[in-house]
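>>> 3D, please:
(2 chains)
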Amino acid sequence: MTVTWLRWAWRQLTSMRVALMLLLLLAVAAVPGSFFPQRAQDPVRVARYLEENPRFGPILDGLGLFSVYSSPWFMAVYTLLFVSLIGCIIPRLRVHWRALRSDPPRVPRTLARFDVRDEFSTAAPPDEVYAALLRRLRGSYRARLTPEGITAERGYLRETGNLVFHVALIGVLLSFGYGQLATYRGQAIVVEGESFANSVVDYDSFEAGRLVDQATLEPFTFRLDDLTTRFSVTGRPEYFGAGVTVNRPGVEQYGYVIEPNEPLDALGTRVYLSGNGYAPRVEVRDGAGNLAFAGAVPFLPQDGVYTSTGVIKVPDVEGQDQLGFSGQLLPTAFDDGTVVRSVHPAATDPLLVLRVWRGDLGLDDGVPQNVYQLDTSGLTQVTAGDGEPLLVVLTPGDTVELPDGLGSITFVDLPSFAALDLRHDPSLGWLLGTAVAAMLGVMGSLFIPRRRLWVRCTERNGVTVVSAAALARGEDAGLTADLESVLKVVKEVA
Amino acid sequence: MRDLSQLSLLVVYAAMACYAIALVAFAVDLSSLRAHRDSEGRVIKRRALVAVGAGGVVDASEAGADTAARDDVVGSEVRRRAAGIGMSTTWLGVAFHGIGVVTRGVAAGHVPWSNMYEFSLTSTFVAVALYLWLARNRDLKYLGAFVAGPVLLLLGVAVSVLYVEAEGLQPILDNYWLYLHVSVAIVATAVLTLAAVLAMLQLAKDFSGDSRWSPILSGLPDVDALERLSYRFTAVGFVLWTFTLVAGAIWAEHAWGRAWGWDAKEVWTFVIWVIYAAYLHARATRGWDGRRAAYLVLAGFSAIMANYFVVNFLLSTKHGYAF
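Numbers count the residues shown, from 1 in each chain, chains lettered A, B, ... in the order given. As a prediction, the model looks like this:
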């Protein structure tokens, strides 16, 4: 009973009709992932969506609409599809293997029932006709002379291509799966003059598949020597390039320029230039005049003219409140009378505009903090004499004294930073190979004609009557022309 | 350079004018506006005329049928003349269109398919050129109106909504994959558009049957022939689309650091691919006749349009610089 039922289910699953349904289901199931933000790609937008839709957000989340491509229902569809695919092609592999080694089918009794056929008579004797045809067919058809006439077949590659395509698709899926397990990737922001070493601690964010040994990442380091940007007069980006010096064990150090579309490849780990911006170098002294902070702080660009926002945290002060700064960097500041704003992404006239906070930065309680945000719960904003919030405005080289003996801040200079994506994915070669195989396979399965051709000669009153027919599998516009071109050699003999 | 891009726009308008004329001419061809009259000058009901036509070979010995048949020949001459005008204005249009594409490319200093305006301009050019090329040695005049119409519509959207000034390339686009990935996507889009037009005609012909619309569609090949032609276009389009997808993944790996990331454009490209894959399976499935397969061709084409307009305008995508 169960066996019957299982067999029935298996037959259904491997039927073309169900495969078709699953394909359509897969298409439909993939769509919501383009309308809802996806956790794997953009967790920030998902969080914002949930915040803005407190009522429906969690319901959608429960349905897996923010992680469609790893949701149970999406996986169910493609798993069933691939099971169906495997169930479909295994018997076909067997059949095709046998067909490849067996002779073409015997000549049908009547050739008159085929749509594409021809009949003519010639003075040449049958064996001469057969010999001429076999010569003609050699190379393009697998032909055999039988007592009933010539039987010939071509286009085995059509089915081969079809099978290659389907097997390659399984390969693509497996490559993806392997990639998920064996890939590590992360982001790092590196300021000009600073270095990056490929170990987990140097990444700003890092994630890795289960097969990755995080203790022994590919051992290389590089220093960002310079970051070059070029913009048109209107501010349209024209060029980005990050010049780096790479150090690898056993290789002399070498220079490379990472550009868009030109990642650095170091021991299979690729380093992509995904963004850039400015990191104002500042020095902060506390009330006692001690250097409390010195360094370049990346400010993240928010728009096309690189209006950048960032924060500076100064926890290491003695005998006074900790200091925090939050504000904007304007690469080309322009005062239009009411507001100061950036008008061009190049740093031709940079201006650093900061608000000042004092109190407890909250760094000591062990909870990890976003380096681009101030936790203002333990802070109070420093005000100017008139009670308004204090605004510190600096151009490079400027130093501003803070009120209440809090110290001073100096805008030293303005290096650039490179936002880099790093990725090590050993599955890429497999992915490329299987994808190319699938592409070649599908071309073969759609464009290589599969044809059968039969010729029979009968002698009547000393004349040879040649009857021939051709049959194609599926669509084949060139069938008639092919038959005629084959028969031409005999007609010429006549 | 600015002058050149103005010139480009101007010739595109000229091309649109040509296509508009061609559209009217092809429509006249399809509708056979001229009334058919019998020997006494009475208008012959269209259905009767079609019945004669549908009878296949007209027996010349029957007097009445003879008149009708001769009249039909005269009628078809008018029709063919209109279709001829349609073909020649389409040729003129494609010449202007080609100049428009080339001058735009020269003005921008790169291949003319780096934003939605340029993509629309070039893919419509490819669609028309493909149509004319295929029409060299077979009679595809019946398709003319259905090529000129959508092309005119798309060009209208391109010049009025999508137009942007010719500019240099963004650094991320400045790569040889722009030549391969996007150009093949353009050809694929053009081919699949023609496949969808054929599928639509196939359905129209299929559903019209004996209704009053059938005379208009009488100039078309039969349903099976339309279906076969639509299939051949779709098969070629599917392979080109597969290439677009794979090439896109390779480029994405170079440019964005991952081959596949379920970006909205990637999702829809995948959806389109799956729909056409389903179509190819449907044709091999028992119980799925040509009509249902044609629905899938139209579904695939709708997805292509969604991938172009909905994704670029409404969804967040890394392909956003496309307009």
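
>>> distance of A:Ala481 from chain B?
A:Ala481 sits 13 Å away from chain B, going by Cβ to the nearest Cβ, to the nearest Å. All C-beta atoms are positioned from the backbone trio N, CA, C, and that covers glycine.

>>> element containing that residue, please.
helix A:479-493 (DSSP states H and E).

>>> check which residues of that helix are buried.
A:479, A:482-483, A:486-487, A:490 (16 or more other Cβ atoms under 10 Å in any protein chain shown).

>>> for that helix, packing partners?
strand A:116-122, helix A:126-137, strand A:451-460, strand A:463-472 (3 or more Cβ pairs under 8 Å, 6 or more residues apart in numbering or on different chains; DSSP states H and E).

>>> listing partners with orientation, what would you give for the helix or strand that the second one is followed by?
Which is helix A:126-137. Following helix A:126-137 in sequence order, the next helix or strand is strand A:142-146 (DSSP H and E). Here strand A:142-146 is paired, per DSSP bridges, with strand A:149-154 (antiparallel).

>>> angle of the strand it pairs with against strand A:463-472?
Angle of strand A:149-154 versus strand A:463-472, following axes from the mean of the first three to the mean of the last three Cα atoms, to 10 degrees, is 30 degrees.

>>> tell me which residues in whichever helix or strand comes after strand A:149-154 are buried?
Heading C-terminal from strand A:149-154, the first helix or strand you meet, by DSSP H and E, is helix A:156-182. Across helix A:156-182, burial judged by 16+ other Cβ under 10 Å covers A:157-169, A:171-173, A:175, A:178-179, A:182.

>>> re earlier: dump the helices and strands packed on helix A:479-493 to JSON lines, plus distance to A:Phe417 and mean pLDDT.
Listed next are the helices and strands packed on helix A:479-493 as JSON lines, based on distance: least, Cβ to Cβ, whole Å; pLDDT from 0 to 100:
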{"stretch": "strand A:116-122", "distance to A:Phe417": "70", "mean pLDDT": "91"}
{"stretch": "helix A:126-137", "distance to A:Phe417": "69", "mean pLDDT": "91"}
{"stretch": "strand A:451-460", "distance to A:Phe417": "64", "mean pLDDT": "92"}
{"stretch": "strand A:463-472", "distance to A:Phe417": "63", "mean pLDDT": "92"}
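
>>> of all those, which lies closest to chain B?
strand A:463-472 (12.5 Å; Cβ to the nearest Cβ).

>>> ok, that closest one near chain B or not?
No. Under the criterion of Cβ under 8 Å from any Cβ of the partner chain, strand A:463-472 makes no contact with chain B; the nearest approach is 12.5 Å.

>>> please enumerate the helices of chain A.
Here chain A has its helices, by DSSP state H, at A:2-13, A:16-30, A:32-35, A:43-52, A:57-62, A:72-101, A:126-137, A:156-182, A:428-447, A:479-493.

>>> could the ones you listed be laid out in a markdown table, adding distance to A:Arg113?
A markdown table is the format used below for these (distance: least, Cβ to Cβ, whole Å):
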| stretch | distance to A:Arg113 |
| --- | --- |
| helix A:2-13 | 32 |
| helix A:16-30 | 27 |
| helix A:32-35 | 51 |
| helix A:43-52 | 64 |
| helix A:57-62 | 60 |
| helix A:72-101 | 23 |
| helix A:126-137 | 21 |
| helix A:156-182 | 23 |
| helix A:428-447 | 28 |
| helix A:479-493 | 15 |
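
>>> looking at those helices, which is nearest to A:Ala296?
helix A:43-52 (24.5 Å; Cβ to Cβ).
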